[in-house]
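Visitor: sequence first, predicted model second:
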Amino acid sequence: MIGLGVESTAHTFSCAILEKKGKQGKVLSDVRKIYRPPEGEGIHPREASRHHIENSATVLSECLQESGITIKDLDIISYAAGPGLGPCLRVGAVVARSLASYYDIPIYPVNHAIGHIELGKLLTGAKNPLVLLVSGGHTMLLAFLNKQWRVFGETLDITLGQLLDQFGRSLGFASPCGKNIESLATSTSNYVLLPYSVKGNDVSFSGLLSATKSIIPQNKADACFSLQETAFAMISEVVERALSFTNKKELLIVGGVAANKRLSEMLQDVCKRHHCRFFVAPQKYAGDCGSQICWTGLLEAQVKKGVTLENTFVTQSWRLDSVKVDY
Ligand code: AMP
Ligand code: MG
């Protein structure tokens with residue numbers, strides 16, 4: 001079965017084509033264009049959606065060309081229906097609906113967060129993991145039970161990605177800034193004490209953001225290092241508690257922040273203590289991409305017919321723990 005997946009929830013517009021044979025999936029192409037706001041500024045939904053509109057035709061045709069597949073060969077089309085920014089989500093939905101209706105191809109709305117998890121499982125081989133989803137839009141700890149992903153901890157305010165991006169912007173970096181912060185942090189090991197806030201099994205990053213901003217004038221590298229050490233230690237604590245509670249023997253990190261080497265290092269230590277296998281999504285597929293949407297659509301197509309065009313939708317705040325997973 002061959003699918004096309006369209007991702008457009010935030011800064012990335014991406015189309016990907018995957019082939020599914022039994023339980024195996026193969027990425028035939030995954031093309032992306034990323035909206036970059038001016039230095040020091042955050043994502044502007046209207047500007048990001050304008051970027052997606054302007055780039056959608058090129059991304060789609062490059063994706064088809066690279067895969068060697070024509071639209072008529074597609075068995076299904078899936079698109080990210082949420083959660084995300086309304087104007088951005090609508091661009092992907094319109095592209096998917098237009099193709100589905102003109103070529104008469106079944107269409108599947110997909111939850112973006114579930115997409116991160118399913119692609120992570122496909123690419124790492126994790127079977128029944130505790131999942132840490134850390135991205136621009138999410139900071140969640142999840143385990144699968146009775147056909148639903150259950151939340152074992154999450155952020156009470158901003159996400160880990162927002163923490164890094166908002167702090168990075170205050171240093172003058174262009175968003176997304178996680179990579180810049182990671183490389184500045186490697187140049188020092190001078191830790192400045194910062195507020196550490198774990199409540200139950202949830203984390204809170206907003207006080208940490210304000211406190212870190214106040215130490216910038218002294219030393220940017222120290223601030224980046226201390227921010228990472230504090231935030232990742234908070235994440236490690238809740239992961240460790242959730243591993244003890246769920247008794248899972250696998251940990252999988254997905255989402256854009258999964259690309260961070262220091263985070264992996266700290267979580268690998270936790271896994272060693274708990275005799276737990278450690279998996280992290282490959283860097284290229286950790287962040288937002290069409291493959292996550294395409295693969296989840298292909299999994300859904302095993303058990304469900306596509307939806308009618310009238311029943312396609314976008315939902316800005318579509319929580320993944322409200323989705324029934326039947327495949
Ligand atoms: P996503 O929303 O899944 O596309 O993830 C985007 C987020 O990942 C942004 O907040 C980025 O700053 C963050 N990110 C990307 N690379 C890294 C990295 N190497 N270290 C930390 N965060 C990163
Ligand atoms: Mg994402």
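Guide: Nice, I can see it. Ligands and ions are numbered 1, 2, ... in the order given.
Visitor: just the strands in the stretch 201-327 of the chain please.
Guide: Along the stretch 201-327 of the chain, counting by DSSP state E, counting those that start in this stretch, strands occupy 202-203, 250-254, 277-280.
Visitor: so which of those strands comes closest to ligand 2?
Guide: strand 250-254 (8.6 Å; CB to the ion). Every C-beta, even on glycine, is put in place using the N, C-alpha and C of the backbone.
Visitor: please see if the closest one touches ligand 1.
Guide: No - Strand 250-254 is not in contact with ligand 1 by CB under 6 Å from any ligand atom; minimum separation 8.0 Å.
Visitor: dump that strand to CSV, restricted to CA.
Guide: These are the backbone C-alpha positions of strand 250-254, laid out as CSV (Å, rounded to 0.1, in the frame of the first residue of the first chain):
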residue,chain,number,x,y,z
GLU,A,250,11.6,0.5,26.7
LEU,A,251,11.8,4.3,26.5
LEU,A,252,11.3,6.1,23.2
ILE,A,253,12.0,9.8,22.7
VAL,A,254,10.3,11.5,19.8
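Visitor: report all helices and strands that it contacts.
Guide: helix 112-124, strand 130-134, helix 261-273, strand 277-280 (3 or more CB pairs under 8 Å, 6 or more residues apart in numbering; DSSP states H and E).
Visitor: coming back round to it: can you list the strands of the stretch 201-327 of the chain in TSV and add mean neighbour count?
Guide: Conversion of the strands of the stretch 201-327 of the chain to TSV gives the following (neighbours: other CB atoms under 10 Å):
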stretch	mean neighbour count
strand 202-203	22
strand 250-254	26
strand 277-280	20
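Visitor: make JSON lines from those strands and add mean pLDDT and distance to A100 to it.
Guide: Formatted as JSON lines, those follow (pLDDT from 0 to 100; distance: least, CB to CB, whole Å):
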{"stretch": "strand 202-203", "mean pLDDT": "98", "distance to A100": "39"}
{"stretch": "strand 250-254", "mean pLDDT": "98", "distance to A100": "27"}
{"stretch": "strand 277-280", "mean pLDDT": "98", "distance to A100": "33"}
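Visitor: can you tell me the closest non-neighbouring residue to whatever residue of the stretch 1-150 of the chain ends up closest to ligand 2?
Guide: Proximity of the stretch 1-150 of the chain to ligand 2 (CB to the ion) peaks at S135, 4.0 Å away. Nearest-residue entry for S135: G255, 3.2 Å, with adjacent residues in sequence omitted and distances by CB to CB, 6 or more residues apart in numbering.
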